[in-house]
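Trainee: Predicted model and sequence below, questions to follow.
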Amino acid sequence: MAHKRSGGGLTTVQQAAKFLGVSVLAGVVAAGIALPAAGALGLSAKGTVKGFNDLPGELRQPPLSQASKILDANGGLIATVYSRDRTVVPIADMSPNILKAIVDIEDARYYKHGAIDLKGILRALSNNGGGGSTQGASTLTQQYVKNVFVEEAGDDPNKVAQAVQQTVGRKIKEMKYAIQVEKELGKQRILENYLNITFFGEQAYGIEAASERYFSKHAKNLSLTEAAMLAGLVQSPTRYDPISDPQEAVKRRNTVLARMAELGDITRAQAQAAEKSPLGLKVSSPKNGCITAVNGAGFFCDYVRETFLQNAAFGKTKEDRAKTWYTGGLTIKTTLDPKAQASAIDGIQKHVYKSDPIAAAVTMVQPGTGKIVAMAQSRPYGFGAHETQINYSVDQDMGGGGGFQNGSTFKPITAAAALEAGYQPAQSYPSPNEMPYPSVTTCDGRTIPAGGNIPNEGKDEVGPYAMPEALQKSINTYFVSLEAAVGVCPVAKMADKLGIVRADGKPLQQIQSMTLGTNEVAPLTVAAAYAAFADRGLYCTPIAIESVTTSAGKSLPVPKSICNQAMSQKTADTINTMLKGVVEDGTGTQAGLTGRPTAGKTGTTDQRYAAWFAGYTPNMAAAVWMGDPRHKTRMIDITIGGHHYPKVYGADGPAPIWRDAVSGALDGQPALDFVTVPLNIPDKAKKPKPGDTAKPGGNPTNNKHGGKHGGGPGGVTVMGTTAGPITGGTTGTTTLGTAGGTTGANPLPTVFLPSGGSSNGGNSRGGAGGTP
């Protein structure tokens with residue numbers, strides 16, 4: 001007899017139980033058409049059957065979150081990333097042992113009842129109090145529905161709490177959806193889905209991931225004892241965790257075995273033998289995220305993730321992209337060349353230790369495609385000592401820092417702008433050992449007046465110099481003169497065509513020292529720009545992803561490299577000819593590759609907070625940065641990689657890293673040559689002095705640059721200062737090529753003009769509409 005409340009009459013739950021008893025006789029619940037609807041059940045107070053029927057009839061079944069695999073260009077696994085470690089498998093790939101064990105322990109009448117077990121519901125309702133909570137009574141189908149709600153909640157703790165809330169109202173909603181699911185899917189498909197969605201503890205979702213986690217095998221190969229242990233975990237993955245509490249796990253496993261014997265799925269003898277067996281764990285540690293990436297590719301892995309989450313090719317909104325990423329099940333094939341990556345890591349480790357006070361990074365880009373083939377750094381990806389999660393190779397918005405001044409590796413960009421403007425390699429400037437910064441005018445018409453001094457690195461570095469030798473020796477005073485003549489705006493525009501952007505996302509600073517590399521940039525940015533020189537002026541935006549395939553085999557669109565001709569082929573060929581000289585005869589000799597034509601440029605910043613080498617062959621471009629990411633440690637009187645340096649230069653720090661990294665990356669590939677051009681440089685002995693009148697086309701030296709020039713380590717970028725505020729007019733002492741022309745107060749150097757003429761001191765110099 002039903003118990004009555006103290007005030008008389010049955011409680012709401014008891015009324016529901018009584019109603020359900022009647023419903024059993026009528027058979028209407030099994031048909032999904034009759035259940036009470038009352039506020040105490042979490043439904044609207046509409047009265048009777050209508051409230052139940054008004055619940056949504058279609059269960060929204062989100063795609064299960066699975067692990068994604070990031071692969072290198074050869075198909076090798078770089079890393080597995082997931083929000084939930086799950087691999088969905090068909091029921092045919094599940095051991096019969098787990099199919100029997102899970103049914104026997106969780107829902108023994110699974111194949112005898114419909115979507116809901118009415119006997120179980122009556123038992124649960126009569127055993128629970130009137131507080132609105134329930135226990136037990138859920139069928140496997142209802143458990144599956146609940147897990148769908150949990151999966152849809154994702155990582156939102158409030159939504160998860162609502163999905164698992166133990167109330168009568170939630171139970172009734174589960175019933176409604178369970179009826180629909182059984183009609184649509186049937187018993188076998190529900191069991192398959194249930195085993196793929198259920199949480200088994202230790203970050204393992206689904207039976208395949210659980211099998212791999214605890215036994216390092218596929219679900220189809222589970223033995224009886226292994227299946228019984230996993231089936232026992234479902235009720236409470238924490239309580240029965242075999243790793244943290246093996247004794248409790250054995251008890252639970254044996255309970256499952258006894259239940260299987262009781263129901264006749266195994267014999268008593270089988271159960272008794274299995275109960276005596278040890279757990280037999282062979283645990284595989286969770287391998288989630290870029291921290292587990294092989295071959296030192298953690299930073300590249302992180303760059304791939306950032307590319308996916310930020311690129312509109314993978315979804316219109318940030319939320320859409322995040323949902324696709326965290327749902328997972330993706331196979332992402334990347335551009336990373338495992339041989340190049342291994343060589344980059346090896347090249348760094350030979351010269352820089354992870355415990356050193358400074359760090360180093362290498363990035364390689366394939367000319368003509370923009371493919372990033374290697375990305376490595378001396379400090380590993382991680383959270384421990386001498387580890388970091390900051391990717392030194394990329395911009396801040398892609399997981400990098402604020403970038404680093406790239407020093408004289410910027411000078412070839414100024415040279416390219418000059419050549420595009422009609423200047424010739426024979427362009428000569430007095431290039432004294434030290435001189436004031438000339439006045440420059442920015443693209444928006446602002447003028448920065450002359451002032452502040454810029455020195456060359458060596459006291460003996462005194463001009464005059466032409467462009468090739470100025471590149472070989474990295475002469476600062478030459479390039480600030482060239483920048484002033486060409487105009488800082490054309491130089492900035494050339495940088496833009498080559499993808500040169502500040503790592504912090506701010507606009508490039510158009511100042512006199514821009515030509516000396518005083519903007520903070522990332523190694524990937526520099527490598528991609530130099531790849532354009534290698535491919536005769538064709539700049540291609542860097543890419544990291546080749547293809548993306550979903551778990552259903554559908555290919556997703558991926559961002560393509562966008563290639564544009566940043567300069568004429570003749571300009572690029574001229575730059576390549578001159579930068580070959582840097583490696584063969586100048587500051588970059590330690591970067592030279594045996595048997596391969598190589599071009600490049602060193603860079604060392606003021607105060608020696610950073611040093612660079614950027615270089616290329618026709619089939620590979622790479623940039624190496626070395627320095628203190630915090631900009632605090634100067635590379636003076638310092639030991640790096642076990643080697644003591646009085647001063648670090650791009651020539652002796654980064655250049656050997658570049659050589660070792662790139663030589664291994666190109667091993668087995670053809671040694672291609674550049675298209676070179678005659679530079680037509682006058683003999684140095686006959687080089688005109690300031691005040692002389694230069695004659696066009698005098699005495700070319702057959703691309704030998706007047707003999708060997710390579711003794712010194714090269715110039716150092718010096719930031720300097722400006723002599724006053726930016727104004728609308730122009731002032732200063734030595735101003736070349738500013739808008740509208742200026743009158744120099746000091747004698748101007750002899751220059752070889754684009755038209756073939758020459759000019760010298762004291763004249764108004766052409767700017768807009770004039771002759772440079």
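Mentor: Good, I have the coordinates. Keep in mind that what you see is a predicted model, and the values were worked out from it rather than measured. Residues are numbered from 1 along each chain as shown.
Trainee: list the contacts for residue 629?
Mentor: With contacts defined as CB atoms under 8 Å, 6 or more residues apart in numbering, the neighbours of residue 629 are 359, 388, 390, 392, 401, 404. All C-beta spots, glycine's among them, are computed from the backbone N, C-alpha and C.
Trainee: got it, and residue 661?
Mentor: So residue 661 contacts 343, 344, 346, 347, 348, 362, 364, 374, 376, 622, 624 (CB under 8 Å, 6+ apart).
Trainee: How about residue 159?
Mentor: 152, 153.
Trainee: again, only this time at 10 Å
Mentor: Residue 159 is in contact with 149, 150, 152, 153, counting by CB atoms under 10 Å, 6 or more residues apart in numbering.
Trainee: If any of those residues are buried, give me the ChimeraX selection for them.
Mentor: Listed next is the ChimeraX selection for buried residues among the contacts of residue 159, using 16 or more other CB atoms under 10 Å:
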select :149,150,153
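Trainee: What is the nearest of the contacts of residue 159 to residue 201?
Mentor: Nearest to residue 201 among the contacts of residue 159 is residue 150, at 14.6 Å by CB to CB.
Trainee: Skipping adjacent residues, who's closest to the closest one in space?
Mentor: residue 163 (4.6 Å; CB to CB, 6 or more residues apart in numbering).
Trainee: rewinding a little: restricted to strands, list the contacts of residue 661.
Mentor: Judged by DSSP state E, the subset of the contacts of residue 661 located in strands is 362, 364, 374, 376, 622, 624.
Trainee: that older thread, columns distance to residue 614 and pLDDT on top of the contacts of residue 159, output as a markdown table?
Mentor: A markdown table is the format used below for the contacts of residue 159 (distance: CB to CB, whole Å; pLDDT from 0 to 100):
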| residue | distance to residue 614 | pLDDT |
| --- | --- | --- |
| 149 | 54 | 86 |
| 150 | 51 | 85 |
| 152 | 49 | 79 |
| 153 | 49 | 77 |
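Trainee: Give me the distance between the residue nearest to residue 150 and residue 153.
Mentor: Between residue 163 and residue 153 the computed distance is 5 Å (CB to CB, to the nearest Å).
Trainee: Which residue comes closest to residue 226 once chain neighbours are left out?
Mentor: Nearest non-adjacent residue to residue 226, counting by CB to CB, 6+ apart: residue 215, 5.4 Å away.
Trainee: Can you verify my assumption that the one you found contacts residue 279?
Mentor: Yes: between residue 215 and residue 279 there is a contact under CB atoms under 10 Å: 9.3 Å.
Trainee: what ranges do the helices span in the stretch 451-600 of the chain?
Mentor: Listed from the start of the chain, the stretch 451-600 of the chain has helices (DSSP state H, counting those that start in this stretch) covering 467-473, 476-486, 488-497, 523-534, 569-585.
Trainee: okay, the angle between the longest one and helix 488-497?
Mentor: Counting by axes from the mean of the first three to the mean of the last three CA atoms, to 10 degrees, helix 569-585 points 90 degrees away from the direction of helix 488-497.
Trainee: Show me how far helix 569-585 is from its chain's centre.
Mentor: From the chain centre to the centre of helix 569-585 is a distance of 32 Å (CA atoms, centre = their mean, to the nearest Å).
Trainee: mean confidence score for it?
Mentor: In this model, helix 569-585 has an average pLDDT of 94.
Trainee: With the shortest one instead?
Mentor: The predicted model gives helix 467-473 an average pLDDT of 95.
Trainee: how about it: buried residues?
Mentor: For helix 467-473, burial by neighbour count (16+ other CB under 10 Å) applies to 467, 468, 469, 470, 471, 472, 473.
Trainee: could you say what helices and strands that helix packs with?
Mentor: Here helix 467-473 touches helix 411-420, strand 428-429, strand 465-466, helix 476-486, helix 569-585, going by 3 or more CB pairs under 10 Å, 6 or more residues apart in numbering; DSSP states H and E.
Trainee: quick revisit: pull out the buried residues from the contacts of residue 661.
Mentor: Among these, those buried by neighbour count (16+ other CB under 10 Å) are 343, 344, 347, 348, 362, 364, 374, 376, 622, 624.
Trainee: Could you dump those into JSON lines and include pLDDT?
Mentor: Below are the buried ones among the contacts of residue 661 laid out as JSON lines (pLDDT from 0 to 100):
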{"residue": "343", "pLDDT": "97"}
{"residue": "344", "pLDDT": "97"}
{"residue": "347", "pLDDT": "96"}
{"residue": "348", "pLDDT": "97"}
{"residue": "362", "pLDDT": "98"}
{"residue": "364", "pLDDT": "98"}
{"residue": "374", "pLDDT": "98"}
{"residue": "376", "pLDDT": "97"}
{"residue": "622", "pLDDT": "98"}
{"residue": "624", "pLDDT": "98"}
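Trainee: Make TSV out of those residues and add distance to residue 509.
Mentor: TSV is the format used below for the buried ones among the contacts of residue 661 (distance: CB to CB, whole Å):
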residue	distance to residue 509
343	35
344	30
347	32
348	30
362	26
364	28
374	30
376	29
622	26
624	24
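Trainee: Which one of those residues is nearest to residue 425?
Mentor: Nearest to residue 425 among the buried ones among the contacts of residue 661, with distances taken as CB to CB, is residue 622, at 25.0 Å.
Trainee: My read is that that closest one contacts residue 341, right?
Mentor: No: applying CB under 10 Å, one finds residue 622 not in contact with residue 341, separated by 12.0 Å.
Trainee: okay, and the common contacts of the two?
Mentor: Common neighbours of residue 622 and residue 341 (CB under 10 Å, 6+ apart) are 362, 364, 373, 374, 661, 665.
Trainee: The third one - how many residues pack around it?
Mentor: Residues near residue 373, counting by other CB atoms under 10 Å, number 28.
Trainee: Got the phi and psi for the spatially most central residue of the chain?
Mentor: Geometric centre of the chain, nearest residue: residue 303, 0.8 Å, by CA atoms, centre = their mean. When read as degrees, to the nearest 10, the backbone of residue 303 gives phi -60, psi -40.
Trainee: Quick check, pLDDT for it.
Mentor: Looking at residue 303, the pLDDT reads 97.
Trainee: OK, contacts around it?
Mentor: Applying CB under 10 Å, 6+ apart, the residues near residue 303 are 290, 297, 334, 336, 363, 372, 375, 391, 393-394, 398-400, 524, 542, 544-545.
Trainee: So which of these sit within strands?
Mentor: Judged by DSSP E, strands contain the following of those: 334, 363, 372, 375, 545.
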